[in-house]
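Chemist: when you get a sec, could you give me coordinates for this:
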Amino acid sequence: MTSPLPLEIIGGGLAGLSLGLALRREGVPVILSEAGDYPRHRVCGEFISGLSASTIVRLGLEPFLTDARRHREVAWFVDGRAPRVQRLPAEALGISRRVLDSRLAGAFADAGGDLRVQTRVIDFAPRAGRVFATGRRRGRSPWLGLKIHAANLPLKRGLEIHLGEQAYVGLARVEGDRVNICGLFRRRKVSAKGASLLGAYLRAAGFDSVAARLDEAAVDSASFCAVAALEFDRRVPTPDRIMLGDTCAMIPPFTGNGMAMAFQSAELALDPLLAYAQGKASWSQACHDIHQALARRFRLRLASADLLHPWLLQPVRQRWLATLGRAHLLPFQSIYTILH
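Modeler: Residues are numbered from 1 along each chain as shown. As a prediction, this is how the structure comes out:
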């Protein structure tokens, strides 16, 4: 019997790790290069919305999600007023990237995967057997992401979303009864540094009540992280290059769908890559099939998120959304379905 062809994955986030693990379970040799190490914190909402049971089964994710918090409601805040509570059509999961990435990395190594941490790949030329899952793009965008964990921080619901001036912030309960506070902000001049930077940005964007609650909580300063110049765009793939997760397209974070899309892109790539590794398809055919599958699954979702995103960042539009929500005129179920 012919041995499977080896595959190389560049990037050890959710897409790269889950794909690498699934390939190893099928006996495919996989080298996975990750510029960082595990465990570590990442700027992420840590709220998985829209992940189907079929994807969890296909990628074998269930053991890694056992202690994730289960959420069914979201509380939306505009101008700090009493929240509009929306019930999610399907259960969402709250789990930290520090825990989830570490579990996947350990399972990949235990399955015989060649995990090369603190290895930054310099040569990004596409070639047969190489998959890119290098994460979000950083460009000249004015958007900044900030994140920190806190304990003893009471929430109105398992997930809160606060809309402010050119900013929004999500508070999500994750494993261990910790709360992940993660926000998207337009860059501005603030005097704070390090972990105190989030509080300064919260107040600058009008989130005084959130900042006050954070002041009263037990903040884990070591969990603070930031990422600048976030780009919400889609990269046009070349015929011989496979890009998965945020490397392919980064959906605006208000959807809570970024983590699910990383897993879904790995699932869509799995069968074509198995066909290539087993000698049943050429590399060009595998690339074509993956490109088509990604476009079918995500095109409408990304376009819809891009259209809705500006409404969450401008106070006048936010008030219109709040008014429509209070009047029960927002088709929440339809919007959720399109965005997931």
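Chemist: is there a neighbour count for residue 188? I'd like the number.
Modeler: By the criterion of other Cβ atoms under 10 Å, residue 188 has 14 neighbours. Quick note: C-beta positions are derived from backbone N, CA and C, even for glycine.
Chemist: swap in residue 151?
Modeler: By other Cβ under 10 Å, neighbour count at residue 151 equals 12.
Chemist: contacting residues around the closest residue to it other than its chain neighbours?
Modeler: Leaving aside its chain neighbours, residue 151 sits nearest to residue 218 (4.3 Å; criterion: Cβ to Cβ, 6 or more residues apart in numbering). Shown in contact with residue 218 (Cβ atoms under 8 Å, 6 or more residues apart in numbering): 150-153.
Chemist: residue 214 too?
Modeler: Residue 214 touches 148, 150, 153, 181, 198-199, 202, counting by Cβ under 8 Å, 6+ apart.
Chemist: ok, now how distant is the residue lying closest to residue 39 once chain neighbours are set aside from residue 270?
Modeler: Leaving aside its chain neighbours, residue 39 sits nearest to residue 102 (4.2 Å; criterion: Cβ to Cβ, 6+ apart). Remark: distance between residue 102 and residue 270 (Cβ to Cβ, to the nearest Å) = 22 Å.
Chemist: need the residues that contact the one helix or strand residue 201 maps to.
Modeler: Element membership for residue 201 (DSSP states H and E) is helix 196-204. With Cβ under 8 Å, 6+ apart as the test, helix 196-204 has contacts from 144, 146-148, 167, 169, 181, 183, 185, 188, 190-192, 208, 210-211, 214-215, 224, 226.
Chemist: again, only this time at 7 Å
Modeler: Identification of contacts with helix 196-204 by Cβ atoms under 7 Å, 6 or more residues apart in numbering yields 146, 148, 169, 181, 183, 185, 188, 190-192, 210-211, 214-215, 224, 226.
Chemist: list the buried residues of stretch 75-83.
Modeler: By 16 or more other Cβ atoms under 10 Å, the buried positions in stretch 75-83 come out as 75-78, 83.
Chemist: can you put those residues in a markdown table and add distance to residue 120?
Modeler: Converted to a markdown table, those look like this (distance: Cβ to Cβ, whole Å):
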| residue | distance to residue 120 |
| --- | --- |
| 75 | 40 |
| 76 | 40 |
| 77 | 40 |
| 78 | 42 |
| 83 | 43 |
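Chemist: now, those that are in strands?
Modeler: 75-78 (DSSP state E).
Chemist: ok, so of these, who is nearest residue 252?
Modeler: residue 76 (15.2 Å; Cβ to Cβ).
Chemist: buried among the contacts of helix 196-204? Need that as a selection in PyMOL.
Modeler: Selecting only the buried entries of the contacts of helix 196-204 in PyMOL, with 16+ other Cβ under 10 Å as the criterion:
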select buried, resi 146+148+169+181+183+185+210+211+214+224+226
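Chemist: quick one: which of the contacts of helix 196-204 is nearest to residue 46?
Modeler: Of the contacts of helix 196-204, the one sitting nearest to residue 46 (Cβ to Cβ) turns out to be residue 181, at 10.0 Å.
Chemist: contacts only, for the closest one.
Modeler: So residue 181 contacts 147-148, 150, 169, 171, 198, 214 (Cβ under 7 Å, 6+ apart).
Chemist: just send those back as CSV, with secondary structure too.
Modeler: Putting the contacts of residue 181 into CSV (DSSP: H, G, I helix; E, B strand; the rest coil) gives the following:
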residue, secondary structure
147, strand
148, strand
150, strand
169, strand
171, strand
198, helix
214, helix
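Chemist: sorry, back to before: got a quick ChimeraX command for the buried subset of the contacts of residue 218?
Modeler: In ChimeraX, selecting the buried portion of the contacts of residue 218, with burial taken from 16+ other Cβ under 10 Å, looks like this:
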select :150,153
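Chemist: and the contacts of residue 218, which is closest to residue 118?
Modeler: residue 150 (28.8 Å).
Chemist: the closest one pairs with what?
Modeler: Residues in a beta bridge with residue 150, per DSSP bridges, are residue 179, residue 219.
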